[in-house]
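Novice: prediction below, plus the sequence it came from.
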Amino acid sequence: MQLKRFQPFSDNKKLRYAAIGLTSLALVLMIVAERIGWIGESRADIVINCPALDQGCNFTLNGKPVKIKSDIPLEAGKPFVLDVDGKAAGARALWRMVDMDMGPNNYWLLPSNDGHWQAKTTLPPCPQGGKDWKLRLELNSRAVEINTKTK
């Protein structure tokens, strides 16, 4: 006795193409959502408050000291340089406004010559005047949530 192979889409070309298209679209949407930070974020390892990021804040991650600082006081719509001083193989910053969805504000920090990680970032202006922001800083697969404010 010979077994028949299960082929649900062999007789219907349109159904086969629709299934392939929907599967591909779902995969692309999942990848995009993860890349821009809509899904895949886990809880932060530590949470710190740093109301004035231009004055800098220090914390310890995995037993190693880290300092984060902006070159100017944070102001919506005004570009600033985010600087991280700490040993890392990679660094990423994800900005989120507290209690409001301002869209993705994700940045990869690049290594500088003096051992720091830097990115030029900009926060979008809030039409309702919100000033509270959360910065998720990811270093070496660990995450720090930094609560800060704009001017």
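Specialist: Ah, there it is. Note that the coordinates shown come from a computational prediction; the quantities given were computed from them, not determined experimentally.
Novice: switch to C-alpha atoms for all contacts and neighbour counts from now on
Specialist: Fine.
Novice: just the strands in this structure please.
Specialist: Secondary structure of the chain, counting by DSSP state E: strands at 46-49, 57-61, 64-70, 80-85, 91-97, 105-111, 116-121, 132-139, 142-149.
Novice: residues in contact with the second one?
Specialist: So that's strand 57-61. By CA atoms under 8 Å, 6 or more residues apart in numbering, the surrounding residues in contact with strand 57-61 are I48, C50, P65, V66, K67, I68, K69, R142.
Novice: same deal with the third one?
Specialist: Residues external to strand 64-70 that are found in contact with it (CA under 8 Å, 6+ apart): 53-60, 80-87.
Novice: circling back: just put the strands of the chain in CSV and tack on mean neighbour count and distance to D11.
Specialist: Below are these laid out as CSV (neighbours: other CA atoms under 10 Å; distance: least, CA to CA, whole Å):
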stretch, mean neighbour count, distance to D11
strand 46-49, 14, 56
strand 57-61, 15, 58
strand 64-70, 17, 61
strand 80-85, 20, 58
strand 91-97, 21, 48
strand 105-111, 18, 46
strand 116-121, 20, 53
strand 132-139, 20, 49
strand 142-149, 20, 50
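Novice: nearest to Y17 among those would be which one?
Specialist: strand 105-111 (34.8 Å; CA to CA).
Novice: what's the average pLDDT for that closest one?
Specialist: In this model, strand 105-111 has a mean pLDDT of 91.
Novice: sheet partners, orientation included, of that strand?
Specialist: strand 91-97 (antiparallel), strand 116-121 (antiparallel) (DSSP bridges).
Novice: flag the shaky bits of this protein, pLDDT-wise.
Specialist: 1, 6, 8-10, 34-42 (pLDDT under 70).
Novice: need the contact list for the residue nearest in space to the middle of it.
Specialist: Centre of the chain computed as the mean C-alpha position; nearest residue by CA atoms, centre = their mean is L94, 3.5 Å away. Neighbour list for L94: G37, P104, N105, N106, Y107, L135, R136, L137 [criterion: CA under 8 Å, 6+ apart].
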